[in-house]
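# Structural data only, the sequence is not supplied:
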């Protein structure tokens, strides 16, 4: 069921999302070659807790037998890792990497969710273009995040923009509603037909998240049950914000 948030609930959503934005601000200052992804995770958890929030991904149970609860504050995915990379003391960030980070903060009963892809040092023009296109895909999508439009309008805009740039979207994972639960209805694919899906209404809070692959869209899951990689080894980028549907333009809650 899609939830419409009250004014009070929207204020609580704003605060959870502010925590996420401040966490990314801290990570952007600290991320550098030679760091382990575990170190990044420690920085993020400390920042969230200092702001009165809980890392919502830590201990998240996907509900599949044999897959352990997620062990960390961040998902940190490097280069051909698409999403859900598990932080590790042995995974070291290097010059020329692109590092996609996804995290969720829970504060006062509400969640804020965002993802960013960071460029580490010097990368090729094509790699930078992938990161830029992924970010722009989000903004192309939310042009349609207005009352009366449908989820499919957002999904279609993202998918068509990515395709026009010569890249692929991940089809097996998608954006989602968000609020008291990390994942709520509706699901929001990054492709599809315009005019399909539920109508958008003021008070909906949605996590829109293009996941874009430089090569073919095929993906694989690693044995840890979490990490998703590109099948052909091509690079992948991720960009996400939590937004609020208003009477007019959408409000992006996870940007300061």
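Alright, I've got the coordinates. Since we're looking at a predicted model, the values are computed, not measured.

# burial count for the nearest residue to residue 250 once chain neighbours are set aside?
Computed as Cβ to Cβ, 6 or more residues apart in numbering, the closest residue to residue 250 that is not its neighbour in sequence is residue 145, at 4.1 Å. C-beta coordinates here come from the backbone N, C-alpha and C atoms, glycine included. Residue 145 sits with 24 neighbouring residues when counted by other Cβ atoms under 10 Å.

# Phi first, then psi, for residue 252.
Residue 252 has phi and psi values of phi -90, psi 120 when expressed as degrees, to the nearest 10.

# Neighbours of it, how many?
Neighbouring residues of residue 252 were enumerated by other Cβ under 10 Å; the total is 19.

# and it, what does it touch?
If a contact means Cβ atoms under 8 Å, 6 or more residues apart in numbering, then residue 252 has 142, 241-243 as its contacts.

# out of those, who has the most neighbours?
For the contacts of residue 252, the largest neighbour count, defined by other Cβ under 10 Å, is 29 neighbours, found at residue 242.

# for residue 28, what are its contacts?
Taking Cβ under 8 Å, 6+ apart as the criterion, residue 28 is in contact with 116, 118.

# Do you know the pLDDT at it?
The pLDDT attached to residue 28 in the predicted structure is 98.

# again with residue 1
Per-residue confidence (pLDDT) for residue 1: 88.

# Excluding chain neighbours, what is closest to it?
Nearest non-adjacent residue to residue 1, counting by Cβ to Cβ, 6+ apart: residue 185, 5.9 Å away.

# residue contacts, that neighbour?
So, once contact is read as Cβ under 8 Å, 6+ apart, residue 185 ends up touching 1-3, 176-177.

# buried stuff in stretch 119-138?
If you call a residue buried by 16 or more other Cβ atoms under 10 Å, then stretch 119-138 has these buried ones: 119-120, 123, 127, 129-131, 133-138.

# Show me what it is in contact with.
Contacts to stretch 119-138, defined as Cβ under 8 Å, 6+ apart, come from residues 31-33, 93-99, 117, 158, 161-162, 165, 167, 169, 190, 208-212, 214, 235, 237-241.

# Which of those fall within helices?
With DSSP state H as the criterion, helices contain 158, 161-162 from among the contacts of stretch 119-138.

# any idea how far residue 23 is from residue 71?
18 Å (Cβ to Cβ, to the nearest Å).

# Please say which of those two ends up with more neighbours.
When residue 23 and residue 71 are compared on other Cβ under 10 Å, the one with more neighbours turns out to be residue 23, at 28 against 15.

# can I assume the more buried one sits in a strand?
No: when classified by DSSP: H, G, I helix; E, B strand; the rest coil, residue 23 is found to be helix rather than part of a strand.

# thinking it is in contact with residue 47, fair?
Yes: applying Cβ atoms under 8 Å, one finds residue 23 in contact with residue 47, separated by 4.8 Å.

# quick revisit: quick one: which of the ones in helices among the contacts of stretch 119-138 is nearest to residue 249?
Distances from residue 249 to the ones in helices among the contacts of stretch 119-138, taken as Cβ to Cβ, are shortest for residue 158 (17.2 Å).

# What is the burial count for the closest one?
By other Cβ under 10 Å, the residues close to residue 158 number 30.

# Contact partners for it?
With contacts defined as Cβ under 8 Å, 6+ apart, residue 158 is in contact with 137-138, 140-141, 169, 190-191, 208, 210.

# Mind checking which of the contacts of stretch 119-138 are buried?
The neighbour-count test (16+ other Cβ under 10 Å) applied to the contacts of stretch 119-138 identifies 31, 93, 97-99, 117, 158, 161-162, 167, 169, 190, 208-212, 214, 235, 237-241 as buried.
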